[in-house]
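K.L.:
Quick one, what's the 3D model for this:
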Amino acid sequence: MITDAAEKKNNIEPLSTNEAYDILSDQRRRYAIHHLKQLDTAVSVQDLAEQVAAWENEKPIEQLNSQERKRVYISLYQSHLSTLDDEGIVEYDEENGMVSLTDAADEEDSVDLGGRRII
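P.N.:
Coordinates of the predicted model:
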C-alpha cells in the first residue's frame, strides 16, 4: 500500500470525530495501535496478530492455538491494517508484511484525529 511515505503523509487530512470513532470502535484496531506504540518500531503482521490474539484471549502468546492466531491474523491482514493505513495512522507494507505507526501517531502519547487526542 505504501508507495512513497512522504507523498502519502502530505495527502492525509485530519479525521472527523465520526471517522475517528469509527476507526477506533474496533478493539483489534485499538490493540494494534497500542502494541505498535509500546514497541516504537516496525513489526511483522504475524507478531502483531499474535500479541492482539493474546490480549483478546487473555493468555500468553505461547498458549495460543493456531485457530486463535489465524483468526486475528486474517482480520488484520484483510481489513484492519489497510483501514489504519488508509487513514494515515499506520504504515502498512503488505509486500513485506510489516506495519509501523506513522510519524504523526508516534510523536505523541495519543493519535491526533481531527484535532482530538485519542489513545
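
K.L.:
list the contacts for Ser75?
P.N.:
Residues near Ser75 by Cβ atoms under 8 Å, 6 or more residues apart in numbering: Arg28. Yep, even glycine has a C-beta here, placed from its N, CA and C like the rest.

K.L.:
Please report phi then psi for it.
P.N.:
Main-chain dihedrals, Ser75, degrees, to the nearest 10: phi -60, psi -50.

K.L.:
which residues of the chain score low on pLDDT?
P.N.:
Along the chain, segments meeting pLDDT under 70 span 1-15, 104-119.

K.L.:
And the strands in it, which stretches?
P.N.:
If DSSP state E is used as the criterion, the strands of the chain fall at 43-44, 90-93, 98-101, 111-113, 116-118.

K.L.:
which strands and helices sit next to the second one?
P.N.:
It stands for strand 90-93. helix 27-39, helix 81-86, strand 98-101 (3 or more Cβ pairs under 8 Å, 6 or more residues apart in numbering; DSSP states H and E).

K.L.:
Neighbouring strands - and their directions - for the last one?
P.N.:
Take DSSP bridges as the rule and strand 98-101 pairs in its sheet with strand 43-44 (antiparallel), strand 90-93 (antiparallel).

K.L.:
which residues are contacting it?
P.N.:
Applying Cβ under 8 Å, 6+ apart, the contact partners of strand 98-101 are 32-33, 36-37, 40-45, 48, 81, 85, 89-93, 106.
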